[in-house]
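Chemist: Provided below for reference: sequence and predicted model.
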Amino acid sequence: MFENLSERLSGVFDKLTKQGALSDEDVKTALREVRVALLEADVSLPVARDFIKAIQDKATGQAVTKSVTPGQQVVKIVHDELVHVLAGDEEDPGALKIDNPPTPILMVGLQGSGKTTTTGKLAKRLTEKNGKRVLMASLDIYRPAAMQQLAVLGTQIGVDTLPIVAGETAVQIAKRAKQQATLGGYDVYMLDTAGRLQIDQTLMQEVEDVRDAVNPRETLLVVDGLTGQVAVEVAEEFDGKIGISGVVLTRMDGDGRGGAALSMRAVTGKPIKFVGLGEKMDALEEFHPERIAGRILGMGDIVSLVEKAQETIEAEKAERMMKRFQKGQFNMNDLKMQLDQMLKMGGMEGIMGMMPGAGKMAKQAEKAGLDDSILRRQIALINSMTKKERANPQILQASRKKRIAKGAGLEVSELNKLMKQHRQMSDMMKKMGKGGMLKKAMAGMFGKGGPSEAEIAAAQKQMGQMPGGLPGLGGGGMQLPPGLSGFGKKK
C-alpha cells in the first residue's frame, strides 16, 4: 500500500538510528528527506508542510538530541505524528454507527470507483464479523445490469437484496428498502447509489433526495486510491454537497503511492473507515491508523497478523498440535497444515507485509524467487506421499523420494530441501516445547484478552532474532531460513 514511501523513510531512519548522537542539523537534514519522500508519495503540499513542522518542533531540542537513543526517539515522534495525521483526534475513527435497527448506510461515489463491489464486501463483513442481518438495495437505475450485479453479489456472499421492480425512481427504491428492512427485521440496510460525476448536478440532487428520505446513520464515500490527490478533492466536493461520515479507499493493493490516504483526514476532516485490498469479497480491511503508521515505518503490524491467524486457525486443532509439538512430534501432516495456514492468511506477501522489517524481507524474498508457488509445490510434494510417509518422514529413502517427486511433477532436490526444512522446524519445536514458549504463544493467540501491548512490543523486538514459527519466515536477523533459501530460485 505504501511500499515506496516505506522504502524511502526506512532509508532515512536507518541513517539516523546508526548515529550515536544527533545534532539539530542532523534532524533537519533527515526531515528534509522525509518531506521529499512524502511529496513523492503524492501527499498534498500543505499536509506535508504541517507534518514536518509538527515533527520539527518536537524532534529538535535537548530532550531528543541528548537522549540515549536519539534516532529511535525521532522515529517514535514521526510515528506518533503519522497516527495523528491519519486518525485526527477521534478515539475510534473507524467504528460504524449501527444502532436503532434498521440502520441505513448510504454508499456514494464517482463512476468506476468500485462502489457496488465495496457494498457487497461491507455487507459480508457486517454479516460475518458483526453478526448483523443486512439488506442490500441498488439505487442505480442508469447503468445497465447494475441492479443485477448487486443481486448476483448478494447470492455469492449470502446476503439478501431488495427485489428489483422496474420503473421506480431512486427515492422510491430507497423508501421501499426502508420499509422492507423494518418489516423483515433487518439490522442494517445498505443503499448502493448510482455512480456520478462531480459536475452532474441532476444526479447529485438525486442522492441528496435519497439522503433526505432515509436520513442515513453513515454516508460512506467510495473513492479509488489510485487517483491520488484527486480522491481528496472528490471527498471535499461530496462532503460539501451531501455530507459524508467516512471514506472507503479502494484499489489500495495497486501501485498507487498512498498519498491520498495520508492527506484525506487532514484535508477533509473525515476518517478513512475501510480500505479495499483486492477483488475478493473478503479483501476489505478496517483502517487502523496506528497499524498503518507501523507498516509505513517498517515496524510491522503484529496485531493484524495475530488477528488474521485467529480468524483462520481453529483453536481446538491448534491445541492438539501444541500438545504434539511439546512431545517433540512434528511430522509432514503438521508441516502441510502450516503451509495451508500461510496461504489462508494471504500467502507469503500478505504475511511479510505485516512483519517488522517487511521491506527488506520482501526484497530478499524476491531475489531468492520466493512466492506462493513455492508453498503450493511443497504442499504438492506432501500430497504425493503415502499416509505412512507423512507420519514418519525418516523412512524416505532414494526410491521413495523418486516416486514422490515424480508424483508431484518436481525434482528430488526440491523434496530434499523440504525434508531439510522439516527437520529444522522439528528441532525448533522441540526446543520451544521444552522452554514453555509454545504455551505462551498459544495463550497470546487464543487467550481471552489476547496479547497485551507489552507482549506485542516484545514480539516485534524478538522477530528479528527468533527462528520462524511459520515456514519461510523469520530466521536470524530476518535472513531467509536455510530450509527455504534455494527454493524456487530462478535458474
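Modeler: Good, I have the coordinates. Residues are numbered from 1 along each chain as shown.
Chemist: mind checking the SS state of residue 190?
Modeler: Three-state assignment for residue 190 (DSSP: H, G, I helix; E, B strand; the rest coil): strand.
Chemist: ok, how many other residues are close to it?
Modeler: By other CB atoms under 10 Å, 30 other residues sit near residue 190. Just so you know, the C-beta spots here come from the backbone N, C-alpha and C atoms, and that holds for glycine as well.
Chemist: Show the contacting residues for it.
Modeler: Applying CB atoms under 8 Å, 6 or more residues apart in numbering to residue 190 gives the contacts 104-105, 107, 119, 122-123, 134-137.
Chemist: next one: residue 376
Modeler: Taking CB under 8 Å, 6+ apart, one finds residue 343 in contact with residue 376.
Chemist: State the distance from it to residue 163.
Modeler: Separation of residue 376 from residue 163 (CB to CB, to the nearest Å): 42 Å.
Chemist: Which residue ranges make up the domains of this protein?
Modeler: 3-87, 103-296, 302-478 (automatic domain parsing).
Chemist: Give me whichever of those is most buried.
Modeler: domain 103-296 (a mean of 19; mean count of other CB atoms under 10 Å).
Chemist: Break down the stretch 1-150 of the chain into its helices, ranges please.
Modeler: 3-18, 24-40, 45-59, 62-65, 70-87, 115-128, 146-157 (DSSP state H, counting those that start in this stretch).
Chemist: CSV please, covering these and showing distance to residue 200.
Modeler: Converted to CSV, the helices of the stretch 1-150 of the chain look like this (distance: least, CB to CB, whole Å):
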stretch, distance to residue 200
helix 3-18, 34
helix 24-40, 32
helix 45-59, 29
helix 62-65, 51
helix 70-87, 31
helix 115-128, 15
helix 146-157, 16
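Chemist: can you tell me which of those the model trusts least?
Modeler: Of all these, the minimum mean pLDDT falls on helix 62-65 (a mean of 56).
Chemist: Against residue 123, how distant is residue 156?
Modeler: Distance from residue 156 to residue 123, by CB to CB: 11 Å.
Chemist: How about residue 110?
Modeler: According to CB to CB, residue 110 stands 21 Å off from residue 123.
Chemist: do the same with residue 59
Modeler: Per CB to CB, residue 59 is found 44 Å from residue 123.
Chemist: Same question for residue 420.
Modeler: Residue 420 is 46 Å from residue 123, by CB to CB.
Chemist: mind listing the strands for this protein?
Modeler: 103-109, 134-138, 160-161, 188-192, 218-224, 246-250, 272-276, 284-286 (DSSP state E).
Chemist: residues in contact with the second one?
Modeler: I take that to be strand 134-138. With CB under 8 Å, 6+ apart as the criterion, strand 134-138 contacts 102, 116, 119-120, 123, 126-127, 146-147, 149-151, 153-154, 159-162, 164, 173-174, 176-177, 180-181, 184, 186-192.
Chemist: what angle sits between that strand and helix 146-157?
Modeler: Inter-element angle recorded for strand 134-138 and helix 146-157: 160 degrees (by axes from the mean of the first three to the mean of the last three CA atoms, to 10 degrees).
Chemist: Tabulate the domains of the chain in a markdown table, adding columns for distance to residue 96.
Modeler: As requested, the domains of the chain are exported to a markdown table (distance: least, CB to CB, whole Å):
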| stretch | distance to residue 96 |
| --- | --- |
| domain 3-87 | 16 |
| domain 103-296 | 6 |
| domain 302-478 | 18 |
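Chemist: Worst mean pLDDT among those?
Modeler: domain 302-478 (a mean of 67).
Chemist: biggest helix in this protein by residues?
Modeler: Longest helix in the chain, counting residues (DSSP state H): helix 412-435.
Chemist: Just the CA trace of stretch 237-253, in PDB.
Modeler: Provided in PDB are the C-alpha atoms of stretch 237-253 (Å, rounded to 0.1, in the frame of the first residue of the first chain):
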ATOM      1  CA  GLU A 237     -16.800  18.000  -3.100                       C
ATOM      2  CA  PHE A 238     -19.200  15.200  -1.900                       C
ATOM      3  CA  ASP A 239     -18.900  16.400   1.700                       C
ATOM      4  CA  GLY A 240     -19.800  19.900   0.700                       C
ATOM      5  CA  LYS A 241     -22.900  18.900  -1.200                       C
ATOM      6  CA  ILE A 242     -24.100  15.700   0.500                       C
ATOM      7  CA  GLY A 243     -22.200  15.400   3.800                       C
ATOM      8  CA  ILE A 244     -20.200  12.300   4.300                       C
ATOM      9  CA  SER A 245     -19.300  10.500   7.500                       C
ATOM     10  CA  GLY A 246     -16.400   8.500   6.300                       C
ATOM     11  CA  VAL A 247     -14.300   7.200   3.300                       C
ATOM     12  CA  VAL A 248     -13.600   3.800   1.800                       C
ATOM     13  CA  LEU A 249     -10.400   3.800  -0.300                       C
ATOM     14  CA  THR A 250     -10.400   1.100  -3.000                       C
ATOM     15  CA  ARG A 251      -7.600  -0.500  -5.000                       C
ATOM     16  CA  MET A 252      -5.100   0.200  -2.200                       C
ATOM     17  CA  ASP A 253      -3.300  -3.000  -3.300                       C
END
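Chemist: circling back: tell me which of the helices of the stretch 1-150 of the chain lies nearest to residue 217.
Modeler: helix 115-128 (12.7 Å; CB to CB).
Chemist: got a list of contacts for the closest one?
Modeler: 96, 98, 105, 107-109, 132-134, 136, 138, 140, 146, 149-150, 153-154, 156-159, 187-188, 190, 192-193, 195, 220, 222, 248, 250, 274, 276, 279, 281-284.
Chemist: Hmm, residue 102 and residue 216 touching each other?
Modeler: No: with contact defined as CB atoms under 8 Å, residue 216 does not count as touching residue 102 (11.1 Å).
Chemist: Enumerate every residue touching the closest residue to residue 118 other than its chain neighbours.
Modeler: By the measure of CB to CB, 6 or more residues apart in numbering, the closest residue to residue 118 outside its immediate chain neighbours is residue 222, 4.9 Å from it. Counting by CB under 8 Å, 6+ apart, residue 222 makes contact with 107-109, 113-115, 118, 247-248, 250.
Chemist: Just name the closest of these to residue 9, please.
Modeler: Out of the contacts of residue 222, the member with the shortest distance to residue 9 (by CB to CB) is residue 247, at 23.6 Å.
Chemist: quick one on the thing from earlier: who wins for proximity to residue 15 among the strands of the chain?
Modeler: strand 272-276 (30.4 Å).
Chemist: which strands and helices sit next to that closest one?
Modeler: helix 115-128, strand 246-250, helix 259-268, strand 284-286 (3 or more CB pairs under 8 Å, 6 or more residues apart in numbering; DSSP states H and E).
Chemist: so which of those comes closest to residue 383?
Modeler: helix 115-128 (29.6 Å).
Chemist: Can you spell out which residues form a bridge with residue 276?
Modeler: residue 284 (DSSP bridges).
Chemist: can you tell me which residues contact it?
Modeler: By CB under 8 Å, 6+ apart, the neighbours of residue 276 are 114, 117-118, 121, 225, 248-253, 283-284.
Chemist: Kindly report the same for residue 109.
Modeler: 115, 195, 221-223, 234, 238.
Chemist: my guess is residue 380 meets residue 404, correct?
Modeler: No: counting by CB under 8 Å, residue 380 sits too far from residue 404 to count as a contact (9.7 Å).
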